[in-house]
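Visitor: Okay, sequence plus prediction incoming.
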Amino acid sequence: MSFIDWAVLAITIISIVVYGLWKSRGAKNIEGYLLADKELPWYQVGLSVMATQASAITFISLPGQAYSDGMGFVQMYFGLPLATIILCKTFIPIFRNLNVYTAYEYLENRFDSKTRSFTAFLFLVQRGISTGITIYAPSIILSTILDIHITYTTLFTGGLVISYIVYGGTKAVAYTQMFQMAIIFSGLFIAAFMVVHLLPEEMGLVETLHLAGKMDKLNAINLSFNINDPYNVWSGLIGGFFLQLSYLGTDQSQVGRYLTGKSIKESRLGLVMNSLIKIPMQFSILLIGILVFVFYQFNTPPLFFNKTEVARIETSIHAQEYHTLEAAHKNLYEVKKNQAQTLVQAIKNHEATAYIDQAQQELHKTVIAEKKLKKEATDLMTQNDSLADTNDTNYVFLTFVTTYLPVGLVGLLIAIILLASMGSTASGINSLASTSIVDFYKRFVNKTANPQTYLNASRWATAAWGVFCVVVALYAGQLGNLIEAVNKLGSLFYGNILGIFLVAFYLKQVKGSAVFYAAIVTEIFIIAIWWNDLMAYLWLNAIGCMLVMLISLMMQYIQNTFSKVR
């Protein structure tokens, strides 16, 4: 990057951290540190909820997901509006009226201590690992830009977030996230404009979308039902509904955001704001990935986008084989470029359908040949190092930004991705600390401490979880596409946790022991399904939730029957 890019990056990051620390000064007790004194307006609640979800993974992996597989990923959010209605009707009023710090406090009032502890434990496991993955994502950026090992950039990015969240708590998270989202939205518009601007003169937005459609990338709606396909309307409406309901309703990283609202109304408005903006936002980010895909039909991309893995193969005994593949790749892309131009011109000239179909088929043959070359390249990498990261979708958008965008914009877009990471990571660590202190420390370690002791313990818990997440981040490179990895991990636990809460809300006849053992049985069953790859991961959310409810009812019935016999 140029000096100007570095200046833009540094000024943006420093300004936001200083602003968050300044606005969050003066936290005197645990309520101020963990819940920002419950004084935030609805728009800040909404932006905080959005920023918690919009991690660096979103801006790094989502364009790469679209580049590789098209727009289908957006379907996983189709269940969000219905989930929001239920959250506003049931979850928010219950949590707010009980004046809880975490969602899991409610479970002890409704069931018992062991059910609360088990649910909180499930949350800590999945959120701790997921937050570690969100730290890894921006480390990719710095590693690529600075050309240094990703271990050092992981330690730096993790340390940066830990430093201000330990001091400022939830207020620091909320105020920095509001600033972050304003910059992020601006950057998205700029990125989309620049991709279209850099395309050939004959390629306007309409022509770009026509070409993307002919190359099967505009698959935003898939009506076919296939339980092994993670992205279709049915998995999005059903599995996505349960995933979103559990994530927003039972994950403390989200619950903690809307518990900071001034009132039930403010919290509800914040969630509705998130629901109205989330799907268009994700669609826009995926569309940017599609635009980058079309751009690379007229500009030769790297054979493999991850420069670190390329550097390793180029210094190995397989270097000459890889260079041969690179040369074949470049020649193939010259053919592909001509074929893409022919197809676009045929569409613009309204040529006969048969002629357009023939041009499309020729282009598809070249795409198949391209994939074969890439498979040979990744096989070489695996042969050279069995632990090589052969999924490079996380590097697609980053490569485009650092290679083709003008001076100044590179620094801004890199800053946006780092800011997104800081926001979601801070929320994750903050929620882990909240749950650790409220659901475990205050109950089992120190029940009668003064407010200052709990405040100090919250800061120590924040630092400890920050270190844990950094350690996870150091091992996150083998997970493939990061946004899929996070959602798959969440799907192992979210359905189960949601089922516990729905039993608590709606099945009043079920008691603590029944739901506790039902949750354990369900978790074992869900992990077994995932381990044997029996279905697409989104369905695990629905199945986990339904199993907890069904098994709870059965166990309660059996327990009641035995009680009567005695």
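Guide: Thanks, I have it.
Visitor: and the next element down the chain from the helix or strand containing residue 186?
Guide: When secondary structure is defined using DSSP states H and E, the element that contains residue 186 is helix 150-198. On the C-terminal side of helix 150-198, the closest following helix or strand by DSSP H and E is helix 205-214.
Visitor: measure the closest residue in space to residue 93 that isn't next to it in sequence to residue 95 for me?
Guide: Spatial nearest neighbour of residue 93, chain neighbours left out: residue 264 (5.8 Å); criterion: CB to CB, 6 or more residues apart in numbering. The way it works is simple: take the backbone N, C-alpha and C, and place the C-beta from them, glycine included. Computed as CB to CB, to the nearest Å, the residue 264 to residue 95 distance reads 9 Å.
Visitor: Residue 214 too?
Guide: Distance check for residue 214 against residue 95: by CB to CB, it reads 49 Å.
Visitor: Low-confidence ranges, the stretch 151-300 of the chain, go.
Guide: For the stretch 151-300 of the chain, the stretches with pLDDT under 70 are 164-180.
Visitor: let's see it at 80
Guide: Residues of the stretch 151-300 of the chain that meet the criterion pLDDT under 80 lie in 157, 160-189, 191, 202, 227-230, 253, 256-257, 259-260.
Visitor: ok, residue 109 touching residue 97?
Guide: No - proximity of residue 109 to residue 97 does not meet the contact threshold set by CB atoms under 8 Å, at 11.4 Å.
Visitor: So residue 534 belongs to a helix, correct?
Guide: No - Residue 534 is assigned coil when assessed by DSSP: H, G, I helix; E, B strand; the rest coil, not a helix.
Visitor: Around it, how many other residues sit close by?
Guide: Applying other CB atoms under 10 Å, we find 12 other residues in the vicinity of residue 534.
Visitor: ok, now residue 557?
Guide: When counting by other CB under 10 Å, one arrives at 13 neighbours for residue 557.
Visitor: Give me the pLDDT value at it.
Guide: Here the pLDDT value assigned to residue 557 is 92.
Visitor: Helices of the stretch 1-150 of the chain, start to end?
Guide: In chain order, the stretch 1-150 of the chain shows helices spanning 3-23, 30-35, 42-53, 56-69, 80-86, 92-97, 105-110, 113-146, 150-198, with DSSP state H, counting those that start in this stretch as the criterion.
Visitor: right, and the ones you listed - which one's nearest residue 372?
Guide: When the helices of the stretch 1-150 of the chain are compared by CB to CB, helix 56-69 sits nearest residue 372, at 15.5 Å.
Visitor: Just name whatever secondary elements that closest one is in contact with.
Guide: helix 113-146, helix 264-298, helix 396-404, helix 409-436, helix 482-491 (3 or more CB pairs under 8 Å, 6 or more residues apart in numbering; DSSP states H and E).
Visitor: what angle separates that helix from helix 482-491?
Guide: Using axes from the mean of the first three to the mean of the last three CA atoms, to 10 degrees, one finds that helix 56-69 and helix 482-491 are set 110 degrees apart in direction.
Visitor: coming back round to it: pipe the helices and strands packed on helix 56-69 into JSON lines and attach distance to residue 232 per row.
Guide: Converted to JSON lines, the helices and strands packed on helix 56-69 look like this (distance: least, CB to CB, whole Å):
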{"stretch": "helix 113-146", "distance to residue 232": "24"}
{"stretch": "helix 264-298", "distance to residue 232": "15"}
{"stretch": "helix 396-404", "distance to residue 232": "24"}
{"stretch": "helix 409-436", "distance to residue 232": "27"}
{"stretch": "helix 482-491", "distance to residue 232": "15"}
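Visitor: Deepest in the core, which of those is it.
Guide: Mean neighbour count, computed with mean count of other CB atoms under 10 Å, is highest for helix 409-436 among these, reaching a mean of 27.
Visitor: Over to residue 406. Which of the three states is it?
Guide: Using three-state DSSP, the structure places residue 406 in coil.
Visitor: Excluding sequence neighbours, find me the nearest residue to it.
Guide: What sits nearest to residue 406 in space, not counting adjacent residues and going by CB to CB, 6+ apart, is residue 194, at 7.8 Å.
Visitor: residues near that neighbour, how many?
Guide: The number of residues near residue 194, taken as other CB under 10 Å, comes to 19.
Visitor: Contact partners for it?
Guide: Residue 194 sits next to 405, 406, 409 when contact means CB atoms under 8 Å, 6 or more residues apart in numbering.
Visitor: cool, residue 126 as well?
Guide: With contacts defined as CB under 8 Å, 6+ apart, residue 126 is in contact with 489, 490, 492, 493, 494.
Visitor: now those as a markdown table including distance to residue 561 and pLDDT?
Guide: As requested, the contacts of residue 126 are arranged in a markdown table below (distance: CB to CB, whole Å; pLDDT from 0 to 100):
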| residue | distance to residue 561 | pLDDT |
| --- | --- | --- |
| 489 | 38 | 85 |
| 490 | 36 | 85 |
| 492 | 32 | 91 |
| 493 | 31 | 91 |
| 494 | 32 | 90 |
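Visitor: worst-scoring helix or strand of the protein, pLDDT-wise?
Guide: When each helix and strand of the chain is scored by mean pLDDT, DSSP states H and E, helix 30-35 comes last, with a mean of 54.
Visitor: what sits against residue 215?
Guide: Residues near residue 215 by CB under 8 Å, 6+ apart: 293, 297, 363, 364, 367.
Visitor: Per-residue pLDDT of the residue nearest to the second one when sequence neighbours are not counted, please?
Guide: Computed as CB to CB, 6+ apart, the closest residue to residue 297 that is not its neighbour in sequence is residue 340, at 4.3 Å. Per-residue confidence (pLDDT) for residue 340: 91.
Visitor: Poorly predicted segments of the stretch 1-150 of the chain, please.
Guide: Applying pLDDT under 80 to the stretch 1-150 of the chain flags residues 1-2, 9, 12-40, 44, 47-61, 100-101, 137-148.
Visitor: rerun that using 50 as the cut-off
Guide: Low-confidence segments of the stretch 1-150 of the chain, defined by pLDDT under 50: none present.
Visitor: what about residue 379, how many residues close to it?
Guide: Number of residues near residue 379 (other CB under 10 Å) recorded here: 12.
Visitor: if I look at it, how far off is residue 389?
Guide: For residue 379, the distance to residue 389 equals 14 Å [CB to CB].
Visitor: Could you do residue 505 as well?
Guide: In this structure, residue 505 lies at 42 Å from residue 389, with CB to CB as the measure.
Visitor: got a list of what residue 535 touches?
Guide: Residue 535 makes contact with 227, 228, 529 under the criterion CB under 8 Å, 6+ apart.
Visitor: Swap in 10 Å and give it another go.
Guide: Residues in contact with residue 535, defined by CB atoms under 10 Å, 6 or more residues apart in numbering, are 226, 227, 228, 229, 230, 235, 239, 529, 543.
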